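1. Here is the input, now give the coordinates:
(one chain, ligands or ions: 1)
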Amino acid sequence: MNWPGKAECFKTIQTPSLATLRPCPEESVNFDTTENLIIEGDNLEDLKLLQKSYLGKVKMIYIDPPYNTGNDFIYPDNYTESLQTYLEYTGQIDAAGRKFGTNTEADGRFHSKWLNMMYPRLYLARNLLHEDGVVFVSIDEREFTGLRTLMNEIFGEECFVTAITVLCNPKGRSQDKYFATNHEYVVAYSKQPLSKGHFSIEKHEDQVAAEYTEEDERGRFRLLELRNTHREFGRHNRKNLYYPFFVDDEGTVSLEPDETSTKVLPDWDDGFEGCWTRDRAKAARDIEFVVAQQVKGRWKMYRKSYASGAERMLKTIFLDKRYYTERGQKAFNQLFNTKAKIFQSPKSPYLLMDLMRTCTTSDDLILDFFAGSGTAAHATLEVNRQDSGNRKFILVQLPEPCDQESAAYRAGLKTIADICAERVRRVIKKLNDEDAGKLDMDSGERPDRGFRVFKLAESNFTTWDAQVPHEEGTLLAQLEKHVTHIRDGRTADDILYELLLKAVSR
Ligand SMILES: C[S@@+](CC[C@H](N)C(=O)[O-])C[C@H]1O[C@@H](n2cnc3c(N)ncnc32)[C@H](O)[C@@H]1O
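-> Sure thing, here's the model as predicted:
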């Protein structure tokens with residue numbers, strides 16, 4: 001696939017960052033002990049800065065990027081001076097004094113702009129993924145095809161996992177032209193092809209109780225038919241799966257005949273010669289789990305399937321009400337104890353929790369670099385609470401300004417990054433309150449309920465500006481700037497973190 005600006009994407013990827021991340025202990029929670037991060041800044045610069053320390057460390061990336069609705073702000077990357085763009089952006093006007101605007105459909109490069117924004121970010125994000133890592137991207141029909149094509153290019157078609165359809169808005173979008181859209185997608189790719197069943201999750205207790213109705217000394221089990229129920233398989237094409245069992249009057253099963261036993265073959269009632277689901281050697285190894293039962297006067301063979309460790313494969317259509325966008329709004333509003341939309345349409349934390357259950361455990365690292373209101377952190381903290389895990393999160397969010405007339409601004413939250421950090425503070429407080437008395441929050445065993453805030457800024461070290469003409473006065477001024485090459489106002493901690501970030505690969 002080609003589009004205007006694709007070549008610049010590679011330059012953008014390769015241009016090193018001249019930025020740093022400045023620690024903000026005063027906006028953090030448990031700064032000294034936590035490993036969770038909330039980074040305020042443009043995610044392109046931040047992904048570059050994370051390359052060294054987090055290369056191959058992230059188990060799951062979830063992102064919910066702008067869907068390119070025609071009303072979204074699409075960050076204007078400029079590969080030669082992307083940090084400069086950010087500094088201008090945080091002043092909210094560009095170098096020519098123009099306001100940063102939205103990507104409208106009338107723009108001739110509407111789709112290209114979105115692709116140019118996504119390509120370098122997804123490319124750099126892939127480097128951070130662990131070998132078993134997975135990325136989930138929420139998207140709707142507008143950029144679904146563009147996203148799939150981009151991801152096929154970056155991750156490889158063989159790493160496509162699935163495209164889940166999520167029923168998110170049962171009423172449908174009334175403003176649509178032809179059909180009232182009531183779903184969106186979560187597209188998933190892995191860093192490398194994963195084994196079958198990788199995303200299966202443990203069966204729910206209720207499902208176990210309903211399905212595994214029998215019990216022996218090993219626990220709850222159910223009987224599964226041993227004969228292959230698909231008629232396209234049989235003795236004619238699966239010779240190794242066609243052999244007899246022998247069952248005595250008591251129902252004891254053997255692979256060897258004796259005088260009183262009955263021979264049982266995987267034949268169908270109409271005489272079709274079918275086959276078993278396992279070969280003779282495997283049947284011999286597991287003979288204690290093979291059961292014979294009389295059905296209509298004939299022996300039928302089954303195998304015991306135990307509930308312990310039983311998993312289920314998720315289906316590709318997510319219909320659960322907990323995934324509705326309104327549930328996301330409710331979860332957010334409850335934290336802020338408001339009906340006002342401080343943040344519009346956050347994702348449902350239950351959706352993210354269920355995605356996390358498919359591919360992360362214990363202390364895996366989760367990254368969301370379009371964090372919005374911080375749903376990914378909310379879900380991480382909640383899922384850890386449910387399974388006593390210790391997953392960590394890294395969130396990145398642009399300090400996109402909130403409209404001065406908005407509920408967020410009135411609540412003292414000036415940017416979306418402020419909303420994000422405040423939400424996570426509230427989640428932590430809620431969970432700690434709920435666990436008061438249950439968990440020893442001062443013990444070394446306590447879950448990591450904190451986060452460090454970092455903010456994107458120019459490097460602590462001034463850089464030699466090669467563009468400045470080497471005239472006498474300007475050269476002298478440049479030299480004087482480098483007498484001490486630490487930028488004014490920077491602290492020892494600022495410098496320490498920059499050195500750790502840029503030099504160390506843990
Ligand atoms: C659709 S929202 C994400 C919502 C989030 N999933 C939630 O549940 O709250 C996308 C977010 O990405 C942010 N964003 C857009 N461009 C960005 C960039 N270049 N760097 C960091 N964040 C960016 C926007 O400010 C917006 O809040």
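2. Which secondary structure elements does the strand or helix carrying Leu21 sit against?
-> Element membership for Leu21 (DSSP states H and E) is strand 19-23. Applying 3 or more CB pairs under 8 Å, 6 or more residues apart in numbering; DSSP states H and E, one finds that strand 19-23 contacts helix 43-54, strand 452-458, helix 492-503. Placement of C-beta: from N, CA and C, glycine included.
3. The ligand: which of these is closest?
-> Taking CB to the nearest ligand atom, helix 43-54 is the member of the helices and strands packed on strand 19-23 nearest to the ligand, at 3.5 Å.
4. for Asp132, what are its contacts?
-> 59, 190-192, 194, 198, 359 (CB atoms under 8 Å, 6 or more residues apart in numbering).
5. Would you verify that it is located in a strand?
-> Yes - the assignment for Asp132, made by DSSP: H, G, I helix; E, B strand; the rest coil, places it in a strand.
6. how close does the residue of the stretch 251-400 of the chain found nearest the ligand sit to Val424?
-> The ligand sits closest to Gly372 of the stretch 251-400 of the chain, with a gap of 2.4 Å, by CB to the nearest ligand atom. The gap separating Gly372 from Val424 is 12 Å, by CB to CB, to the nearest Å.
7. In terms of neighbours, single out the busier of those two.
-> Between Gly372 and Val424, counting by other CB atoms under 10 Å, Val424 is the more crowded of the two (29 against 26).
8. Are we agreed that the more buried one is in a helix?
-> Yes - applying three-state DSSP, one finds Val424 inside a helix.
9. neighbouring contacts of stretch 105-115?
-> 3-6, 66, 68, 70, 74, 103-104, 143, 146, 150.
10. quick one: average confidence on it?
-> Averaged over stretch 105-115, pLDDT sits at 85.
11. Between its first and last residues, how far does that stretch reach?
-> Terminal residues of stretch 105-115 are spaced 14 Å apart (CA to CA, to the nearest Å).
12. And the strands in the stretch 151-300 of the chain, which stretches?
-> 160-167, 183-190, 201-202, 214-216, 219-225, 245-247, 253-254, 262-264, 290-295, 298-306 (DSSP state E, counting those that start in this stretch).
13. and the fifth one, how far out from the chain's middle?
-> Going by CA atoms, centre = their mean, to the nearest Å, the spacing between the C-alpha centre of strand 219-225 and its chain's C-alpha centre is 34 Å.
14. cool, and the first one?
-> Between the centre of strand 160-167 and the centre of its chain there are 13 Å (CA atoms, centre = their mean).
15. same question, the fourth one
-> When C-alpha coordinates are averaged (CA atoms, centre = their mean), strand 214-216 and its chain have centres 38 Å apart.
16. Residues contacting it, please?
-> 220-223, 304.
17. what's the answer for the second one, then?
-> Strand 183-190 has contacts (CB under 8 Å, 6+ apart) with 132-141, 144, 147-148, 151, 155, 159-169, 198, 318, 351, 355.
18. now, which of these lie close to the ligand?
-> Subset of the contacts of strand 183-190 in contact with the ligand: empty, counting by CB under 6 Å from any ligand atom.
19. Just the helices from the stretch 251-400 of the chain, written as ranges.
-> Under the criterion DSSP state H, counting those that start in this stretch, the stretch 251-400 of the chain carries helices at the ranges 280-285, 325-336, 349-359, 375-387.
20. Show the low-confidence segments of the chain, by residue range.
-> Low-confidence regions of the chain, defined by pLDDT under 70, span residues 92-98, 440-445, 465-472, 504-506.
21. where do the strands sit along the stretch 1-150 of the chain?
-> All strands of the stretch 1-150 of the chain, identified by DSSP E, counting those that start in this stretch, fall at 19-23, 37-40, 58-63, 129-139.
22. This structure against the ligand: which residues are in contact?
-> 42-43, 64, 66, 75, 346-347, 370, 372-373, 375, 396-398, 400, 416.
23. before we move on, back to that, of the helices of the stretch 251-400 of the chain, give the one that comes closest to Phe233.
-> Phe233 sits nearest to helix 280-285 of all the helices of the stretch 251-400 of the chain, at 15.9 Å, using CB to CB.
24. Okay, buried residues for the closest one please.
-> By 16 or more other CB atoms under 10 Å, the buried positions in helix 280-285 come out as Ala283.
25. what's in contact with that helix?
-> Against helix 280-285 from outside (CB under 8 Å, 6+ apart): 240, 243, 245, 255, 276, 290.
26. Just the buried ones from those?
-> Neighbour-count burial (16+ other CB under 10 Å) applied to the contacts of helix 280-285 gives 245, 276, 290.
27. The first one against Ser254, yeah?
-> Yes - the pair Phe245 and Ser254 qualifies as a contact (CB atoms under 8 Å) at a distance of 7.2 Å.
28. Now for Ser388, how many residues are close by?
-> Neighbour number of Ser388 under other CB under 10 Å is 9.
29. same deal with Ser305?
-> Other residues near Ser305 come to 14 when the count uses other CB under 10 Å.
30. give me every residue that touches it.
-> Ser305 sits next to 212, 221-224 when contact means CB under 8 Å, 6+ apart.
31. Now do the same contact list for the residue nearest the centre of the chain.
-> Nearest residue to the geometric centre of the chain (CA atoms, centre = their mean): Tyr62, 2.9 Å. Counting by CB under 8 Å, 6+ apart, Tyr62 makes contact with 135-138, 352, 355, 366-368, 376.
32. ok, so of those residues, who is nearest Thr90?
-> Asp368 (20.7 Å).
33. Okay, and the beta partners of that closest one?
-> The residues listed as beta-bridge partners of Asp368 by DSSP bridges are Leu395.
34. where's the residue lying closest to Ser308 once chain neighbours are set aside relative to Arg426, distance?
-> Of all residues not flanking Ser308 in the chain, Gly219 sits nearest, at 5.2 Å (CB to CB, 6 or more residues apart in numbering). Remark: distance between Gly219 and Arg426 (CB to CB) = 41 Å.
35. Look at these two and report which has more neighbours.
-> Between Gly219 and Arg426, counted using other CB under 10 Å, the more crowded position is Arg426 (17 against 13).
36. Which residues are in contact with the more buried one?
-> By CB under 8 Å, 6+ apart, Arg426 lies in contact with 335-336.
37. Is the residue of the stretch 251-400 of the chain closest to the ligand in contact with Cys420, as I believe?
-> Yes - in this structure, Gly372 is within contact of Cys420 by CB under 8 Å, at 6.8 Å.
38. what is in contact with those two at once?
-> Gln397.
39. returning to what we had before: so which of the contacts of strand 214-216 is the most crowded?
-> Phe221 (21 neighbours).
40. Beta-bridge partners for it, please?
-> Counting by DSSP bridges, the residues bridging with Phe221 are Glu214, Tyr306.
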